[in-house]
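Any chance you could fold what I've pasted below:
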Amino acid sequence: MATSSLTVELDRTRTLRFDLAGLSLLQRRLGEKGLMPILARIDAVDVEATEAAYLIGLSGEDPKLTLDRVRRLLQFRVDAGELLANLGRTVARAIAMGAGFSEAASEEDSEGKAVTGPPI
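Numbers count the residues shown, from 1 in each chain. As a prediction, the model looks like this:
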């Protein structure tokens, strides 16, 4: 069964989730007409797109989260040795899961562990 969220380690364990409202908000924030251009931007390591996606994807569990805080969380992970491209792949996978792209639910993280979350 496909999952609708995944767990990410930033400053602590957090839940990254995109519902349709969040996907729509992401499109508007980035000025895109669809998700594929957003995923392409993230794949190209577009920092603005990656930051916006994390902000929206994490805001469900942390509504007071700001863009500045997201930047600091991502910088914390980069300073710890995480590649920005890997952080982008994680948020792109969460976007794909929220959009119902079937292959997204079967992907693995960088350590080869299955990415899982609660059923919807």
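
Buried residues in the lowest-mean-pLDDT helix or strand in the chain, which are they?
Least confident helix or strand, the chain: strand 5-9 with a mean of 92, by mean pLDDT, DSSP states H and E. Applying a neighbour-count criterion of 16 or more other C-beta atoms under 10 Å, one finds 5, 6, 8 buried in strand 5-9. From N, CA and C alone the C-beta is placed, and that goes for glycine too.

Show me what that strand is packed up against.
strand 13-17, helix 84-99 (3 or more C-beta pairs under 8 Å, 6 or more residues apart in numbering; DSSP states H and E).

Residue 39 touches residue 94, doesn't it?
No: taking contacts as C-beta atoms under 8 Å, residue 39 lies outside contact range of residue 94: 10.9 Å.

With neighbour numbers in mind, choose between these two.
The neighbour comparison of residue 39 against residue 94 (other C-beta atoms under 10 Å) goes to residue 94, with 28 against 21.

in this structure, what spans have low per-residue confidence?
Scanning the chain for pLDDT under 70 picks out 1-3, 102-120.

Would you map the helices across it?
Using DSSP state H, the helices of the chain run over 20-30, 35-43, 47-58, 67-79, 84-99.

elements contacting the fourth one?
Spelled out, it's helix 67-79. Checked by 3+ C-beta pairs under 8 Å, 6+ apart, helix 67-79 has helix 47-58, helix 84-99 packed alongside it.

Need the contact partners of the shortest one.
Going back to what we said before, that points to helix 47-58. Contact with helix 47-58 is made by 14-18, 22, 25-26, 29-30, 38, 41-42, 65-67, 70-71, 73-74, 84, 87-88, 91-92, 94-95, as judged by C-beta atoms under 8 Å, 6 or more residues apart in numbering.

Now which of those residues would you call buried?
For the contacts of helix 47-58, a neighbour count by 16+ other C-beta under 10 Å gives the buried set as 14-18, 22, 25-26, 29-30, 38, 41-42, 65, 70, 73-74, 87-88, 91-92, 94-95.
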